[in-house]
Every structure is written in structure tokens, then in C-alpha cells.
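Trainee: I would like to see how this sequence folds:
(chains A, B, C and D)
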Number of protein chains: 2
Amino acid sequence: MSDTPWLDDDELATWVRLVALVELLPGVLDTQLREDSGLMHFEYYTLAMLSEAPDRTLRMTALAHQTNATLPRLSHVVRRMEERGLVKRAPAPDDRRATVAQLTDAGWSVVQDAARGHVGTVRSRVLDALSPEQVGQLRQITEAILPRLDPSGSMAGTYTRYDR
Amino acid sequence: MSDTPWLDDDELATWVRLVALVELLPGVLDTQLREDSGLMHFEYYTLAMLSEAPDRTLRMTALAHQTNATLPRLSHVVRRMEERGLVKRAPAPDDRRATVAQLTDAGWSVVQDAARGHVGTVRSRVLDALSPEQVGQLRQITEAILPRLDPSGSMAGTYTRYDR
DNA sequence: TCACATTGGTTGACGCTACAAGTATAGCGG
DNA sequence: CCGCTATACTTGTAGCGTCAACCAATGTGA
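Mentor: Numbering: from 1, shown residues only, chains lettered A, B, ... in the order given. Okay, here's the model as predicted:
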């Protein structure tokens, strides 16, 4: 750890912009989704993952992995969404320690309604700014970085279509 | 807004990973800085911006722009750091509505001590995962996206070395 | 010079996330 | 089976960020 050189100009310029992106993007996503659908982005993402799952049902740990969330965070979010009628919880049949979360019909409607506007935002604010080559580059870049951010390798590597 | 097509497989794979990165990176930065220096990343970044400014002093609005923060957020953070003796606030001489924040000697020491470890984390968790070409690509990608995330164009575009 | 809007910043309340316990079940090793 | 550890959550609390006022100073137009 003793000799980690400083960032050169190119690295620094890149880093500063990446920090800015990480700082600004969540707010952009949250704002649009909240105004149009009354959801935070993390809630949308959670519902979207459930909507793609078999029987629209997932165990909490599996859902936490797919959403890159800690279990406490997910637990709170799911409880609040359950109070709003978007999901319901039930003990898992095979393991009585476990809980499964299932998307309700109301939750299904909410995600479906939210999806169009959300995808529109993703396009207009991010993807439309990039050429197809850049989209590919960004994919490779994020794929290279993510393993280094993920403590235990429980990443979104297992990816399933999460929209539509 | 009516016909925004869904994301194709490549776009979706990219987006899912970008979301994961945005979700995970802040925690990684916060954890290292908190453990090693008792700072959140946003606090570190704020102190670093001040440390590069003339007389280690900036007006709150200018500092907010450089840190991509809202004014209320910055105000709270600066107040808390003032209570810890890292910065101090004073009314601006030229405009009596304005406040300037100045880095104290103690604050200066804290950033300096924090910098090495922080840069080490930035390297080991992000930059080391990328080839020099990818660093350049990421810079161009973020440069393309940021204007679309920034509501008012008050970005970190005005960039000054923030480390060392 | 006197309203009125604008800018610059602070403050308080509320919601969300992280962290630390706590509970309950499951899976061992002996 | 009987303790022990590990797993799968849930819950409580504390801290940070957002949003909506709010106040003070500054411009601006009549």
C-alpha cells in the first residue's frame, strides 16, 4: 500500500467524471420514477426483478443479490411495499427460515405502467448519449470493474431481462 | 414519449451493470474512507476541492457545483465538518448573502492523510481493472452522459486537480 | 426609492440506508 | 440427539440526503 502513485491527468479526469455520474444518476432515476409512478428506482428495480422471476416470486436472499442490496435494506423496502400492496411475503415452503416475496397483481400493474417512462429516461439520459460501440465499451468496462466492487461475488452477474 | 423501444440485449446488459456499479461504488468508497480516516467519500471530496482552491476557500455555491451537490446537502455537511473543526465558515466579503467555507489546518491534515489510502482504493477497485484505452473510453463515455444528467449545466466540467 | 423578484444560504422534518442486535431454523460433529 | 455453528432473515437506531419552508441581501423596474 505504500507506493500507490497519484492519478495522472487522464485518470483523474476520468475519475472525477465517474464520481459525478455516480452522484447524479440515482437522483435522475428517482425523480422521474417518483413523479410518474410513485416509486424509488430501487423499488422499481426490485419489482422488475420479481416480475421476471418464476411465479413472480423470489427468496429474499436471491432478490437481494439481483438488486445488489443488503438484506436489511431489502427487508425494509419489501415491508414498505407490502404495506402498499405491491408485494406480499410468505414463509418459504422448503426452508422455514426463509421468506419469499411475491409480486401482487397491483404490483405487476405498477411496474408495467412505470416501465415505459423509465426506459425512456434510461435512453434519453444515458444510452442516447452513446454510440453503439460506446455501449459495448461501457459493458466491458463495467464487467471488468464489478468483480472488484463485489465483496462476495454475489453480483448481478446472473442477469435476467428485467424490463418488459 | 409514446414509442420508446425496449432495450435490446446488449443495451440491457450494459444498463444492468451500470446500475450495479452505481449501487456498489459509493459503499466501497465510504467504507474505506470511514475506516481509515473517519470520513464519508462526499466529505473527502469536499475537503479535497477546498484544498485545491485559492486560499483553500470557496463560496458555498461554487463548492456545491464542484461536488455535484445540492446546497442544502452541502450546508449540512459543512456544518457537521465545522463542528469537527475541519472547515470554518465566514460571510463573504463582497456579497453579504454569501458564505465562504475555508479548510482549517486540521482539515488539511485530514485530507492529506486520507489521500493515499483513497487513491489506493480508486486504483485497486476501479482503474486497475481497466486498460489505458478503457480509461480513455470511460472518460469519453462519462463526458457524453454527464451533460444529460446535469439539470443546469453546473457540472464538474470545471475540473481542477483534486488530489495531492 | 420603493416594491418585487431573484439569489444565496440555512433550517427542520421526514424517508431511506447502514450497522448492530436479535430470533428462529437448519445443518453438523460427536 | 444434543450442543454448536451457520444461515436467513427482521427489527431498532442512528446518520445522511431531500424537500419544503424560511430569512436575508441583492438586483431591477417604474
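Trainee: Spell out which parts of chain A neighbour DNA strand C.
Mentor: Counting by CB under 7 Å from any atom of the strand, the residues of chain A close to DNA strand C are A:Met40, A:Phe42, A:Ala69, A:Thr70, A:Pro72, A:Arg73, A:His76, A:Val77, A:Arg80, A:Asp95, A:Arg96, A:Arg97. All C-beta spots, glycine's among them, are computed from the backbone N, C-alpha and C.
Trainee: residue contacts, the fourth one?
Mentor: Put plainly, it is A:Thr70. Neighbouring residues of A:Thr70 by CB atoms under 8 Å, 6 or more residues apart in numbering or on different chains: A:Ala64.
Trainee: switch the cut-off to 10 Å
Mentor: A:Ala64, A:His76, B:Gly27 (CB atoms under 10 Å, 6 or more residues apart in numbering or on different chains).
Trainee: Against which helices or strands is the lengthiest helix in chain A packed?
Mentor: Counting residues, the longest helix found in chain A (DSSP state H) is helix A:9-37. Applying 3 or more CB pairs under 10 Å, 6 or more residues apart in numbering or on different chains; DSSP states H and E, we find helix A:9-37 packed against helix A:41-52, helix A:105-125, helix B:9-37, helix B:41-52, helix B:105-125, helix B:132-149.
Trainee: ok, back up a step: can you tell me which of the contacts of A:Thr70 are buried?
Mentor: For the contacts of A:Thr70, a burial check counting by 16 or more other CB atoms under 10 Å in any protein chain shown picks out A:Ala64.
Trainee: May I see the contacts of A:Thr70 arranged in TSV, with pLDDT and distance to A:Gly117 as well?
Mentor: Below are those laid out as TSV (pLDDT from 0 to 100; distance: CB to CB, whole Å):
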residue	pLDDT	distance to A:Gly117
A:Ala64	97	26
A:His76	98	25
B:Gly27	97	28
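Trainee: can you tell if stretch A:108-118 touches chain B?
Mentor: Yes: under the criterion of CB under 10 Å from any CB of the partner chain, stretch A:108-118 makes contact with chain B via A:Ala115, A:Arg116, A:Gly117, A:His118.
Trainee: returning to what we had before: determine which two of the residues of chain A next to DNA strand C are furthest apart.
Mentor: Greatest spatial distance among those (CB to CB): A:Met40 and A:Arg96, at 30.8 Å.
Trainee: Neighbour count for the two, which is higher?
Mentor: Using other CB atoms under 10 Å in any protein chain shown as the criterion, A:Met40 and A:Arg96 rank with A:Met40 on top: 17 against 8.
Trainee: I'd guessed that one sits against A:Ala69; true?
Mentor: No: counting by CB atoms under 10 Å, A:Met40 stays clear of A:Ala69, with 12.0 Å between them.
Trainee: shared neighbours of those two, anything?
Mentor: Shared contacts of A:Met40 and A:Ala69 (CB under 10 Å, 6+ apart): A:Thr46, A:Val77.
Trainee: Is any residue of stretch A:88-96 near DNA strand D?
Mentor: Yes: using CB under 7 Å from any atom of the strand, we find that stretch A:88-96 touches DNA strand D at A:Arg89, A:Ala92, A:Asp95.
Trainee: thinking again about what came up before, a markdown table please, covering the residues of stretch A:108-118 next to chain B and showing neighbour count.
Mentor: A markdown table is the format used below for the residues of stretch A:108-118 next to chain B (neighbours: other CB atoms under 10 Å in any protein chain shown):
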| residue | neighbour count |
| --- | --- |
| A:Ala115 | 20 |
| A:Arg116 | 18 |
| A:Gly117 | 16 |
| A:His118 | 23 |
